[in-house]
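Chemist: Provide a 3D model corresponding to the input given below.
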Amino acid sequence: MKVLLFGGAGYIGTHVALAFLERNDTVGIFDNLSSGLRSNVDEHCQFYEGDILNRERVREVLSEGWDAVVHLAAFKAAGESMLKPFKYSENNITGSLVLITECVRAEVKNFILSSSAAVYGEPTYLPVDEKHPTNPTNYYGYTKLCIEENLKWYSKLKEFNYVALRYFNAAGYDGDGRMMGLENNPANLIPVVMEVAAGLRPNMLVFGKDYDTVDGTGVRDYVHVTDLAKGHLLAADYLLENHKNLVVNLGSEYGLSVQQILDTAREITGKEIDAQYVERRPGDPAKLVASSTLAKKELGWEAEYSSVESIVASTWKVYQANTKNTTINS
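Modeler: This is a model prediction of the structure:
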C-alpha cells in the first residue's frame, strides 16, 4: 500500500507512520512542521514539507499517486479553539476542504480522518457509542464534526470513501523507544504530569475533587497511541477491501481518574509530583468513557497497550531522555 500522511510529523502521525512501515508499506509524510518534529520522521518515509492551505503544493504531492490518505493535520487544543476560532476555522475546516477536494481531483479514493470524541460534547449516557448525539461544546470539536459532514457529502457526490476515527484521549509513546521526540506544547493531563515529574514545571492543577467518581476526580478514557496507530492501519485495509464508509470510536473502554494517573506516575517515576486541587472547570463532565464495540466488529481492533502502567511508563521514558539536564521552572 502507498499511503500519504498529512500532519504525519506530529505526535500521533509519527506513530501511525511506524505502523505502516512495519508491514513494508510505502509511506509519505506531508507536514508544515508548525508542531511536528522533522527528527521524528523515520528515514524510510518520503518527507514533503508543505501546508494543507497551499492548494498547489497539496495537488503536486497528491499527483504522485497514493492508495490512501490519512488526515492528521489539525490544530487540537480545545481551550485554544475557544479563544482563537479563526485559527481553527482556517486550518481545520478550510485546510481540510482543500485536502478533500484535491484528493477527489487526484482520484485518491480512500481517506482516513483523525477525528475526535470532542464531536459528542457533554455525554448523555455512558459508554459513549457512535449513535450518541453529536453536540460539541468547544469549537475544536465543531471543526472535526464539520469535516466529517463534508466527507459524508463528498462520498455521496463523488467516488470517494472514508473512515472517521473518533479518538478518545491519546497517550503514551512507542514501547520500543523508536519515537523519542516530545510533543510540542502539550496541553493534556499526562504530559503535564510528566513535566512536573521531570522538573519542567513546579506543580500542576487538578480541576475538581468532588465528582461522583471512585476518588472524586474526573475520569477519562485514555488510549495508547500505538493502539491508535493500529486503528489507522486497519482503517486503510477496510477501505481497500470494502469500498464503503465507516465512523468508529477508538477508546480503551475503561476510565482512568486523574488521581489514578497521578498515583501511578508517582510510583513509576519515583517523584512526588506536586498537585494542587482547585475548582472544577465549567463544562467538564465527571466521566467520559468510550464504547469501541463497532471498531472491534468492523475493523478487528483491540486496545492492547492502553493500561495505565504502559501509558505512563512509555511516556516517562521519553521525558527522561529529553530532560536530563533540565532545571525546574519557577
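Chemist: What about Ala229? Give its phi and psi, please.
Modeler: Phi and psi for Ala229, reported as degrees, to the nearest 10, are phi -60, psi -40.
Chemist: for Val70, that is, sorry about that
Modeler: Torsion angles, degrees, to the nearest 10, at Val70: phi -120, psi 120.
Chemist: OK, contacts around it?
Modeler: With contacts defined as CB atoms under 8 Å, 6 or more residues apart in numbering, Val70 is in contact with Val3, Leu4, Leu5, Phe6, Gly8, Gly13, Val16, Ile112, Ser114, His232, Ala236. Just so you know, the C-beta spots here come from the backbone N, C-alpha and C atoms, and that holds for glycine as well.
Chemist: again, only using 10 Å
Modeler: With contact taken as CB atoms under 10 Å, 6 or more residues apart in numbering, Val70 is in contact with 3-8, 12-13, 16-17, 20, 27, 29-30, 110-114, 163, 165, 232-233, 235-236.
Chemist: Give me the subset of those that lies in helices.
Modeler: Among the contacts of Val70, the members falling in helices (DSSP state H) are Ile12, Gly13, Val16, Ala17, Phe20, His232, Leu233, Ala235, Ala236.
Chemist: of all those, which comes closest to Glu304?
Modeler: Closest approach between those and Glu304, by CB to CB: Leu233, at 13.0 Å.
Chemist: distance of the closest residue to that closest one other than its chain neighbours from His44?
Modeler: Nearest non-adjacent residue to Leu233, counting by CB to CB, 6 or more residues apart in numbering: Ala19, 4.8 Å away. Per CB to CB, to the nearest Å, Ala19 is found 13 Å from His44.
Chemist: quick one: the strands in the stretch 151-300 of the chain?
Modeler: Here the stretch 151-300 of the chain has its strands, by DSSP state E, counting those that start in this stretch, at 161-167, 169-171, 204-207, 219-224, 246-250, 255-257, 275-278, 287-288.
Chemist: Would you convert the ones you listed into a markdown table that also reports distance to Glu90 and mean pLDDT?
Modeler: Below are those laid out as a markdown table (distance: least, CB to CB, whole Å; pLDDT from 0 to 100):
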| stretch | distance to Glu90 | mean pLDDT |
| --- | --- | --- |
| strand 161-167 | 21 | 98 |
| strand 169-171 | 23 | 95 |
| strand 204-207 | 30 | 95 |
| strand 219-224 | 29 | 97 |
| strand 246-250 | 25 | 98 |
| strand 255-257 | 34 | 96 |
| strand 275-278 | 33 | 97 |
| strand 287-288 | 28 | 93 |
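Chemist: domain assignment for this protein?
Modeler: 2-170+222-250, 189-220+253-321 (automatic domain parsing).
Chemist: what distance separates the start and the end of the first one?
Modeler: So the one you mean is domain 2-170+222-250. Domain 2-170+222-250 has an end-to-end distance of 24 Å (criterion: CA to CA, to the nearest Å).
Chemist: And the last one, by the same measure?
Modeler: As for domain 189-220+253-321, its first-to-last residue distance stands at 20 Å under the measure CA to CA.
Chemist: I'd like to know how far the nearest residue to Ala74 once chain neighbours are set aside sits from Glu80.
Modeler: Leaving aside its sequence neighbours, Ala74 sits nearest to Asn92 (CB to CB, 6+ apart; 4.7 Å). To Glu80, Asn92 is 12 Å away according to CB to CB.
Chemist: Please apply the same query to Gly255.
Modeler: 25 Å.
Chemist: Settle it for me: which of those two has more neighbours?
Modeler: Neighbour tally, Gly255 and Glu80, criterion other CB atoms under 10 Å: the higher count belongs to Gly255, 22 against 17.
Chemist: I'd assumed Thr226 was in contact with Glu304.
Modeler: Yes. Under the criterion of CB atoms under 10 Å, Glu304 makes contact with Thr226 at 7.8 Å.
Chemist: Which one of those two is surrounded by more residues?
Modeler: Per other CB under 10 Å, whichever of Glu304 and Thr226 has more neighbours is Thr226, with 25 against 12.
Chemist: Give me the buried positions along stretch 82-93.
Modeler: Residues of stretch 82-93 classed as buried by neighbour count (16 or more other CB atoms under 10 Å): Tyr88, Ser89, Asn91, Asn92, Ile93.
Chemist: show me where pLDDT drops low in this protein?
Modeler: For the chain, the stretches with pLDDT under 70 are 325-330.
Chemist: quick one on the thing from earlier: so what's in contact with Asn92 and Glu80 at the same time?
Modeler: Tyr139, Tyr140.
Chemist: between Glu304 and Thr226, what contacts are shared?
Modeler: Ser310.
Chemist: on that earlier part again, need the strands of the stretch 151-300 of the chain in JSON lines (columns: distance to Trp66).
Modeler: JSON lines is the format used below for these (distance: least, CB to CB, whole Å):
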{"stretch": "strand 161-167", "distance to Trp66": "14"}
{"stretch": "strand 169-171", "distance to Trp66": "24"}
{"stretch": "strand 204-207", "distance to Trp66": "42"}
{"stretch": "strand 219-224", "distance to Trp66": "27"}
{"stretch": "strand 246-250", "distance to Trp66": "19"}
{"stretch": "strand 255-257", "distance to Trp66": "37"}
{"stretch": "strand 275-278", "distance to Trp66": "45"}
{"stretch": "strand 287-288", "distance to Trp66": "35"}
